[in-house]
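**Student:** Provide a 3D model corresponding to the input given below.
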Amino acid sequence: MSWVSNFLTSSIGRKLVMSLTGLFLIVFLLIHLTGNIMVLIPDEGASFTGFVEAMEANPLIKVMSIVLMLGFAIHILQGIMLYFKNRQSKGAKYAVTPKDNATWASKNMALLGTIIFLFLIIHFMDFFIPMKVLKQYGQHELYHKVILAFQNPVYVVLYVIGMISLGFHLAHGFQSAFQTLGVNHPKYTPFIKRLGMLYSVIVPLLFALIPIIVYITHQK
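**Tutor:** Sure thing, here's the model as predicted:
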């Protein structure tokens, strides 16, 4: 099995793992967004709590939550390793020396990834760790914790910055993941690029609008 470890630690192997974990996290974002949008339903959190309870009761979701954490860890770790490996070998900021037509996002994936990583730390410290690890509150209290957090203007600003960074990160990473997996054909690539651009704008925008709307609607 040495060839497996050799492949996974090679530059190509790391990019492949980055692509697969990235696509997995892209799917997760849609599920997470579905739950977050329910915060805006004016039913005192009934829909949001019901969604959380359904997720918690599903054994497949419990398994996938573990896979999700591993996906986050692997994606971040591989990104860091790729950054330092390519910086050492080519003196570049990211995977390759930026081309003249490279986008700002592709030239600054390391910076964007760092901002998203810091956002995730704050996000996990506020919600995931207190509820899942420390058991400070249960799923029924989560709605009120979210509403309370989104009434903090500092948290709202940090959240929006995190989503802007995510949008730029996805703008490059979405299409790049398919290209790494070999899906690079004149017939399909334009569609993938358009789909990736739509996803990288709409999904982060909806995520960012949720705390903004909560903040505005809960002002006394």
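**Student:** which stretches of the protein have low pLDDT?
**Tutor:** Applying pLDDT under 70 to the chain flags residues 1-11, 86, 89-102, 220.
**Student:** And residue 71, how far from residue 154?
**Tutor:** Here the criterion is Cβ to Cβ, to the nearest Å. By it, residue 71 lies 29 Å from residue 154. Heads up, the C-betas are built off the backbone N, CA and C, glycines and all.
**Student:** buried stuff in the top helix by length along the chain?
**Tutor:** Counting residues, the longest helix found in the chain (DSSP state H) is helix 59-90. Within helix 59-90, the residues scored as buried using 16 or more other Cβ atoms under 10 Å are 64-65, 68, 71-72, 74-76, 78-79, 82-83, 86.
**Student:** got it, and stretch 205-212?
**Tutor:** 207-208, 210-211.
**Student:** cool, and stretch 168-188?
**Tutor:** Using 16+ other Cβ under 10 Å as the test for burial, stretch 168-188 gives 168-178, 180.
**Student:** In helices, which of the buried residues of stretch 205-212 appear?
**Tutor:** Among the buried residues of stretch 205-212, the members found in helices (DSSP H) are 207-208, 210-211.
**Student:** What segments of the protein are strands?
**Tutor:** Counting by DSSP state E, the chain has no strands at all.
**Student:** Kindly tell me how buried residue 107 is, as a neighbour count.
**Tutor:** Residues within reach of residue 107, counting by other Cβ atoms under 10 Å, total 17.
**Student:** export the buried residues of helix 59-90 to CSV and tack on distance to residue 116?
**Tutor:** Formatted as CSV, the buried residues of helix 59-90 follow (distance: Cβ to Cβ, whole Å):
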residue, distance to residue 116
64, 21
65, 19
68, 15
71, 14
72, 10
74, 15
75, 10
76, 9
78, 14
79, 10
82, 15
83, 14
86, 19
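**Student:** Looking at those residues, which one is closest to residue 108?
**Tutor:** Nearest to residue 108 out of the buried residues of helix 59-90 is residue 83 (Cβ to Cβ; 11.3 Å).
**Student:** hang on, isn't that closest one packed against residue 110?
**Tutor:** Yes - here residue 83 lies in contact with residue 110, judged by Cβ atoms under 8 Å, at a distance of 4.8 Å.
**Student:** The protein: helices as residue ranges?
**Tutor:** Going by DSSP H, the chain shows helices at 2-8, 11-37, 46-57, 59-90, 104-107, 109-123, 142-149, 153-180, 189-217.
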